[in-house]
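K.L.:
Just need the structure, nothing else, for what follows:
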Amino acid sequence: MVVEGTVTEGRRLGRELGFPTANIPVPDDFPAEDGVYEAWAETDDGARYRAMSNLGRNPSVGTTERRLETHLFGFDGTLYGRVLRVELGCRIRGERVFASLGELRAQIERDKRTILNLR
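P.N.:
Numbers count the residues shown, from 1 in each chain. Take a look at the predicted model:
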């Protein structure tokens, strides 16, 4: 499953948690289950990165619009306004509500380890 779109600004919470993300809006009828995915991301200049993506509405922080948030492993820079192509791989877990940002950050760390151990 592939998502391609222009990266928009978000709340910058991912950056605050140590996992900056590129946000791409997706339609409600996009045919993939919400959750965290192993992914590959390709920037508009052709660079390809292993990545971790969350598809959904981020229930822990009250986001209502459905979007894809992708953290590119090893990328350092800004993607706002650029086109990003994200290929979703294995879904490693569903979306869920966390009691605190600390709990969310710990889960993201576990998700990262899980993804990096897949291949």
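
K.L.:
ranges for the strands of this structure?
P.N.:
2-6, 22-25, 35-43, 48-56, 67-72, 83-93 (DSSP state E).

K.L.:
mind putting these in CSV, mean pLDDT included?
P.N.:
Shown next, in CSV, are the strands of the chain (pLDDT from 0 to 100):
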stretch, mean pLDDT
strand 2-6, 95
strand 22-25, 93
strand 35-43, 97
strand 48-56, 95
strand 67-72, 94
strand 83-93, 96
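
K.L.:
Let me know the angle separating the lengthiest helix in the chain from strand 83-93.
P.N.:
Among the elements of the chain assigned as helix by DSSP state H, the one spanning the most residues is helix 101-116. Taking axes from the mean of the first three to the mean of the last three C-alpha atoms, to 10 degrees, one finds helix 101-116 and strand 83-93 inclined to each other by 100 degrees.

K.L.:
Could I get the buried residue list for helix 101-116?
P.N.:
104, 105, 108, 111, 112, 115 (16 or more other C-beta atoms under 10 Å). Backbone N, C-alpha and C define where each C-beta goes, glycine included.

K.L.:
And those residues, which is closest to residue 94?
P.N.:
In terms of C-beta to C-beta, no member of these lies closer to residue 94 than residue 111, at 11.7 Å.
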